[in-house]
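Undergrad: Give me coordinates for this.
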Amino acid sequence: ESEKWVNVAEAASASQSNPINRAAFMAVRIKGLKELAENEGMEAAFITITAPSRFHSTLKSGQPNPQYAQGSNARLANNWFKGVFQNIRSHWQRQKLTPFGCKVTELHHDGCPHWHVLLFAPKEQMQNIESIMEQHSMIDGGHELKNKKVRFEWVDIDRLKGDPVSYVIKYVAKGLDSSKLDDVQDIKNGVTSEDENHIATQKMKMGLSAAGIQQFGFFGIPAATSTTWQELRRMGKQDDGVKKVDMYARKLNLSELERFTLTMLYQAADRGDWAAYCMAMGGIYGKRKDAPLKILYSTAEAMQSMTDAKHYDDAQKIKQTLQELNRYGEPPAAKVKGVTIKCDWRAVHLVTRQAQYRVVTKAEYKQSETAMMKHTLSMMDVWEKAEYFEQLAQARYEQIMEMVDEAQSRADGFVVLDVEAYLEDRKTSCRERV
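TA: Residues are numbered from 1 along each chain as shown. You can find the predicted model right below:
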């Protein structure tokens, strides 16, 4: 089996761990949501929700907050946000409301989070959606506030004044990649230069990471998942990817409709068209269980292998592999192996991650590299010796052929140097004798 060595830093820089790649992917998804909403004639709104005062340790002036509850922290504040938003979405579902969008989490000066929500919905639903969000956001002490916008602020987006994407993309850039914000000033938070932009981004990422807070999230389109999108993009680019899709379709014996769906999904993911990808996965109102593609995990593949195992011992080996603990002594998490194609009467597994990698130390890499170099040098010596022996064999062959020619020419007891001259001499001698 061939080995391929990859630097961990290079692998991370090519993945979604790279903030530049992640910011670009976020922009693609948000733009796709906007295109879906425009195609359906929907309206957009931008909402900001702030946590109650008891979660804020200091005031904006830097003085201690007298209403701060000791023990409150960013993690507890974010749990409050998640509970409120869960109640909001449950209320939406009961009222048959169908908004979709994304949310961004930011930190205040005191480290307390607040949420920004970009929301799209049909025009006739917007008033009810706003009322429900305000109701649940103001339940916890909201009646004591003189200015309700301190807790909940709703802004209807006028497309004549600004694009919906522009409302939220600033927060994506601030939270992930500030390299393009050289000329952007955030005077409200005291950010007025390139260096301060970079420092503010690092503070934001470290604060959210320390509290275990998810920075971005999407809601409302359950059928279209980002993991399936990324697995489709692993098949290759443009023509190479299309050829691979056709190869998989023939190998898996897919019908024309199934091949067409898989090709549409791949092409949408390859060209970065999130709106087309969502429509191919079932549209805005499609359910995840009805999506044509789902993620294939290693556990499902292993269970299928156990079912297909011809011998009991083979099944037990696979079962033992599933029960092995990781380096932290915990059961291993399910790993993504590819996608499952939903067919009429069966589910077809399409494995996109066929290579298996393991993390090794630099010393192990150097040791393996030295062994590979020795092997390469040994092979070069073999090739050089083979070429030398081939040259010797060729010279020996030519020498033997010369000996054979000379032996044949001496068959009559003399050396024939020129056949025509020899025949002419024979004729002359014959005439003289006569």
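
Undergrad: Every contact and neighbour count from this point should use C-alpha atoms.
TA: OK.

Undergrad: For this structure, name the helix or strand with the lowest mean pLDDT.
TA: None of the helices or strands of the chain scores lower by mean pLDDT, DSSP states H and E than helix 298-308, at a mean of 54.

Undergrad: for this protein, what spans make up the helices?
TA: Assigned by DSSP state H, the helices in the chain fall at 8-13, 19-39, 74-94, 126-137, 164-176, 194-211, 226-233, 238-251, 256-270, 274-280, 298-308, 312-323, 362-409, 419-433.

Undergrad: could I get the fifth one in CSV with only the CA atoms?
TA: It refers to helix 164-176. C-alpha atoms of helix 164-176 as CSV (Å, rounded to 0.1, in the frame of the first residue of the first chain):
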residue,chain,number,x,y,z
PRO,A,164,-29.2,41.8,3.2
VAL,A,165,-25.8,40.2,2.9
SER,A,166,-24.0,43.5,3.8
TYR,A,167,-25.8,43.6,7.2
VAL,A,168,-24.2,40.4,8.4
ILE,A,169,-21.0,39.9,6.4
LYS,A,170,-19.3,42.6,8.5
TYR,A,171,-19.7,40.4,11.6
VAL,A,172,-18.5,37.4,9.7
ALA,A,173,-15.3,39.2,8.7
LYS,A,174,-14.8,40.6,12.2
GLY,A,175,-15.1,37.2,13.7
LEU,A,176,-13.0,35.2,11.3
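
Undergrad: buried stuff in stretch 217-226?
TA: For stretch 217-226, the neighbour count (16 or more other C-alpha atoms under 10 Å) marks 218, 220, 221, 222, 223, 224, 225 as buried.

Undergrad: The second one and residue 107: what is the separation?
TA: Meaning residue 220. As judged by C-alpha to C-alpha, to the nearest Å, residue 220 and residue 107 stand 25 Å apart.

Undergrad: Mean confidence (pLDDT) on stretch 145-152, please.
TA: In this model, stretch 145-152 has a mean pLDDT of 86.

Undergrad: got a list of contacts for that stretch?
TA: 47, 48, 49, 50, 51, 52, 134, 137, 138, 142 (C-alpha atoms under 8 Å, 6 or more residues apart in numbering).

Undergrad: Quickly note the distance from the fifth one to residue 57.
TA: Computed as C-alpha to C-alpha, the residue 51 to residue 57 distance reads 12 Å.

Undergrad: quick one, what contacts the nearest residue to residue 289 once chain neighbours are set aside?
TA: Closest residue to residue 289 apart from its sequence neighbours, by C-alpha to C-alpha, 6 or more residues apart in numbering: residue 223 at 7.5 Å. The contact partners of residue 223, by C-alpha under 8 Å, 6+ apart, come to 278, 281, 282, 283, 286, 287, 288, 289, 290, 291.

Undergrad: Among those, name the ones in strands.
TA: With strands defined by DSSP state E, no entry of the contacts of residue 223 lies inside them.

Undergrad: Buried only: go through the residues you listed for me.
TA: Neighbour-count burial (16+ other C-alpha under 10 Å) applied to these gives 278, 281, 282, 283, 286, 288, 291.

Undergrad: Could you single out the nearest of those residues to residue 333?
TA: In terms of C-alpha to C-alpha, no member of the buried ones among the contacts of residue 223 lies closer to residue 333 than residue 288, at 21.8 Å.

Undergrad: Would you confirm that the closest one contacts residue 228?
TA: No: contact criterion C-alpha atoms under 8 Å: residue 288 and residue 228 do not qualify, at 11.7 Å.

Undergrad: Could you give me the buried positions within stretch 253-261?
TA: Under the neighbour-count criterion of 16+ other C-alpha under 10 Å, stretch 253-261 has 254, 258, 259, 261 buried.

Undergrad: List of residues touching that stretch?
TA: For stretch 253-261, contacts defined as C-alpha under 8 Å, 6+ apart pick out 246, 249, 280, 292, 343.

Undergrad: quick one, what contacts the residue nearest to residue 80 when sequence neighbours are not counted?
TA: If the residues on either side of it in the chain are set aside, residue 80 comes closest to residue 51, at 7.7 Å by C-alpha to C-alpha, 6+ apart. By C-alpha under 8 Å, 6+ apart, the contact set of residue 51 is 77, 80, 81, 112, 113, 114, 151.

Undergrad: Backbone torsions only: list them for residue 51.
TA: Backbone torsions for residue 51, taken as degrees, to the nearest 10, come to phi -70, psi 160.

Undergrad: so how many other residues sit close to residue 203?
TA: A total of 15 residues lie near residue 203 under the criterion other C-alpha atoms under 10 Å.

Undergrad: now residue 137
TA: For residue 137, the neighbour count with other C-alpha under 10 Å is 23.

Undergrad: got it, and residue 122?
TA: Here the number of neighbours of residue 122 (other C-alpha under 10 Å) works out to 15.

Undergrad: on that earlier part again, any idea which of the contacts of residue 51 is closest to residue 386?
TA: Nearest to residue 386 out of these is residue 113 (C-alpha to C-alpha; 71.2 Å).

Undergrad: residues in contact with the closest one?
TA: When contacts are counted by C-alpha under 8 Å, 6+ apart, residue 113 touches 50, 51, 74, 77, 78, 105, 106, 107.

Undergrad: how close does it sit to residue 26?
TA: Noted for residue 113: a distance of 20 Å to residue 26, by C-alpha to C-alpha.

Undergrad: Then residue 103?
TA: Distance of residue 103 to residue 26, computed by C-alpha to C-alpha: 11 Å.
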